[in-house]
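Peer 1: Need coordinates for the following:
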Amino acid sequence: MATEEEQQMREVSVDTAAEMIEGGAYALDVREREEFAGGHVPGAVNIPMGQFTGRLDELDRDRPVVVICRSGNRSDAMTDVLRAAGFDAVNMVGGTLEWIEAGRPVEHPRASALTVRVIETPSLGDRSYLVHDGRVALVVDPQRDIDRVLDVLEADGVRLTHVFETHIHNDYVTGGFALAQATGAAYHVNAEDEVSFQRTPVRDGDVVEVGERMRVRVLATPGHTFTHLSYALAERSGAGETAVGVFTGGSLLYGATGRPDLLGPDHTDALVRHQHASARKLADALPDDAAVFPTHGFGSFCSASQSEATSSTIGEEKHSNPVLTQDEETYVRELLDGLAAYPAYYAHMAPLNTVGPEAPDLSLPELADATELRRRIEAGEWVVDLRSRTAFAAGHAPGSLNFGLDGAFSTYLGWLIEWGTPVTLLGETADQVAEAQRELVRIGIDRPAAHATGGPEDWSDQPLRSFETATFADLAAVRHHREVVVLDVRREDEHDKVWIEGAVNIPIHEIPQRVAEVPEGEVWVHCAAGYRASVAASFLAAAGRHLVAVDDEFDNAAPAGLPMVGPEA
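Peer 2: Numbering: from 1, shown residues only. Predicted structure coming up:
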């Protein structure tokens, strides 16, 4: 425990802190970014507590440090960390509360007159952006269902004048062309992209004025694709021009980058090295407080890895993103080693996007009765039950397939289907069918062949089928009494880390073509959480197999007593 003299040496009053800061000491604010933005000691540097140990190299060890928080408690703890690391650090007692009470000035970041609306598409792990100044707006990377964008424009009472595309997308069908057609906005696409529609071509270094307040600078950032662009947004005012942020598409993401292998193995090495250089270009071109607005990275398979972050800045990425903390060779090696399989439907997205996709038709398709549904199933079409996996297991139309709306519906349906196969949608309500349609048009499946609503008793003129569901504890108990086939439908990269001893691995996206390879006998199918297991179970059930779907978290397998194998076992 510190002596009274040592305690006095490490604590200073607000007045003494102010004198030290005026004399050249760091004012180091350890609050969260949102707190710091609400008002701080003039000239203070913000390093939140959670980032502290990884960012000490930002500080000059030859300068004293005044550590600040709201009341002096968090800064007290961080003062100890700094002193242990060899810094001449003191804690400002009373924090910003006492600083304000003493009548000392507080600095607030300049309030932006711009509004940034984020339009989430969580099912695909993507974001689109709409930015406006109260009068005119720009949109970056809009999804196919442009009515969502039009609704925001109407609600905010602004006019769309510019649409920007960061790249020819591989994971969804763009709404950019249709949105520009509907609003008369200029549609900005890389001049080097070979497209068959009219666009406003842009190149690296171009500057686009959007209204009187917004200026967009075009930055070439190859890596996710060869012609990838990012867009740096600045706000113009009487005080000059201020960087707001950068729309990075599939370049610099939160804690990651877009994957470089979507154009095929012949291009992957070149693209991953471009990606490293492009991220550093962005970090050099923008100030640390500029916001990063990526399109991918929220569960999208276009991201090379995943992060839990929902917002970030250039400064934060400099200290947390491997592309900005690792040398090129380390980044290249680790990124390529970590790449997993991606959805097969990606192969169809870029060709669709180069021709300028029209706005989709979201009206309900024709209604089908039980006889028509059976005919479609017998013809090899997909009749897709949108209900939850629990409801499907309890009873379903024979031959129907389960892709529940409560999971990554469009991703897995698009991944598993043979492109061009007619799809019929079964939902409890018309709203469920409409939701599924919206998901499907985003990946280029424009018109379902038919639909039906109600329940399985309305969808079949034959006895319903069902199968059991269970937990990993149930599987462990069963294996003590009889032999069963354990089918693991996780991706290879997941399975190869740890798996149940004796399990057969057929990744979910290979199930439609490999059902016949599943060993004979009672099949217990599992994935990581239950959704993919139910999808696979529906294919097995359609093939007449005796099965049990494990509806459980894979983390429960080892505690249940199942023998585990693999490097992470």
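Peer 1: alpha carbons only for contacts and neighbour counts from here, please
Peer 2: OK.
Peer 1: What sits closest to residue 195 if chain neighbours are left out?
Peer 2: With sequence-adjacent residues excluded and distances taken as Cα to Cα, 6 or more residues apart in numbering, residue 195 is closest to residue 354, at 4.6 Å.
Peer 1: Same question for residue 332.
Peer 2: For residue 332, the closest residue by Cα to Cα, 6+ apart turns out to be residue 272, at 6.3 Å.
Peer 1: Next up, phi/psi of the one you found, please.
Peer 2: Reported as degrees, to the nearest 10, the phi and psi values for residue 272 are phi -70, psi -30.
Peer 1: what sits against it?
Peer 2: If a contact means Cα atoms under 8 Å, 6 or more residues apart in numbering, then residue 272 has 223-224, 259-261, 332 as its contacts.
Peer 1: go on, residue 180?
Peer 2: With contacts defined as Cα under 8 Å, 6+ apart, residue 180 is in contact with 162-163, 186-187.
Peer 1: That one: which element?
Peer 2: Using DSSP states H and E, the secondary-structure element containing residue 180 is helix 176-183.
Peer 1: mean confidence score for that helix?
Peer 2: Mean pLDDT, taken over the full extent of helix 176-183, equals 98.
Peer 1: That helix: what's the following helix or strand?
Peer 2: Going down the chain from helix 176-183, the next helix or strand is strand 186-190, by DSSP H and E.
Peer 1: and residue 209, which of the three is it?
Peer 2: For residue 209, the assignment made with DSSP: H, G, I helix; E, B strand; the rest coil gives strand.
Peer 1: Run a quick neighbour tally on it.
Peer 2: Taking other Cα atoms under 10 Å as the criterion, the count of residues near residue 209 is 13.
Peer 1: Spatially, what comes nearest to it if we skip its sequence neighbours?
Peer 2: The shortest distance from residue 209 to any residue other than its chain neighbours is 4.7 Å, reached at residue 215 (Cα to Cα, 6+ apart).
Peer 1: What of residue 569?
Peer 2: For residue 569, ignoring the flanking residues on the chain, the nearest one in space by Cα to Cα, 6+ apart is residue 498 at 5.3 Å.
Peer 1: The residue nearest to residue 209 and residue 231 touch, don't they?
Peer 2: No. Using Cα atoms under 8 Å, residue 215 is not in contact with residue 231, being 9.7 Å away.
Peer 1: And the two? Which one has more around it.
Peer 2: For the pair residue 215 and residue 231, the greater number of neighbours falls to residue 231 (28 against 21), based on other Cα under 10 Å.
Peer 1: hey, C-alpha coordinates of stretch 234-246 in PDB?
Peer 2: Taking only C-alpha atoms (Å, rounded to 0.1, in the frame of the first residue of the first chain), the coordinates of stretch 234-246 have been written out as PDB:
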ATOM      1  CA  ALA A 234     -15.700  16.000 -45.400                       C
ATOM      2  CA  GLU A 235     -18.000  18.700 -44.100                       C
ATOM      3  CA  ARG A 236     -17.700  22.300 -45.400                       C
ATOM      4  CA  SER A 237     -18.600  25.200 -43.200                       C
ATOM      5  CA  GLY A 238     -17.500  28.800 -42.600                       C
ATOM      6  CA  ALA A 239     -14.700  27.500 -40.500                       C
ATOM      7  CA  GLY A 240     -13.300  25.400 -43.300                       C
ATOM      8  CA  GLU A 241     -13.400  21.700 -44.100                       C
ATOM      9  CA  THR A 242     -13.500  19.000 -41.500                       C
ATOM     10  CA  ALA A 243     -13.100  15.200 -42.100                       C
ATOM     11  CA  VAL A 244     -16.200  13.300 -41.000                       C
ATOM     12  CA  GLY A 245     -15.400   9.800 -41.900                       C
ATOM     13  CA  VAL A 246     -14.700   7.300 -44.700                       C
END
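Peer 1: Tell me who's in contact with the residue nearest to residue 569.
Peer 2: Applying Cα under 8 Å, 6+ apart as the definition, the contact partners of residue 498 turn out to be 564-569.
Peer 1: which of those count as buried?
Peer 2: Neighbour counting over the contacts of residue 498 (16 or more other Cα atoms under 10 Å) leaves 564-565 as the buried ones.
Peer 1: What score does residue 112 have for pLDDT?
Peer 2: Looking at residue 112, its pLDDT reads 69.
Peer 1: give me the low-pLDDT residue ranges for the chain?
Peer 2: When the per-residue scores of the chain are filtered using pLDDT under 70, the ranges that remain are 1-8, 109-112, 302-307.
Peer 1: Any idea which residue is closest to the centre of it?
Peer 2: With distances taken as Cα atoms, centre = their mean, the chain has residue 298 as the residue nearest its mean C-alpha position (1.0 Å).
Peer 1: From residue 170, how far off is it?
Peer 2: Noted for residue 298: a distance of 15 Å to residue 170, by Cα to Cα, to the nearest Å.
Peer 1: same check, this time on residue 351
Peer 2: 9 Å.
Peer 1: Repeat that for residue 32.
Peer 2: Computed as Cα to Cα, the residue 32 to residue 170 distance reads 36 Å.
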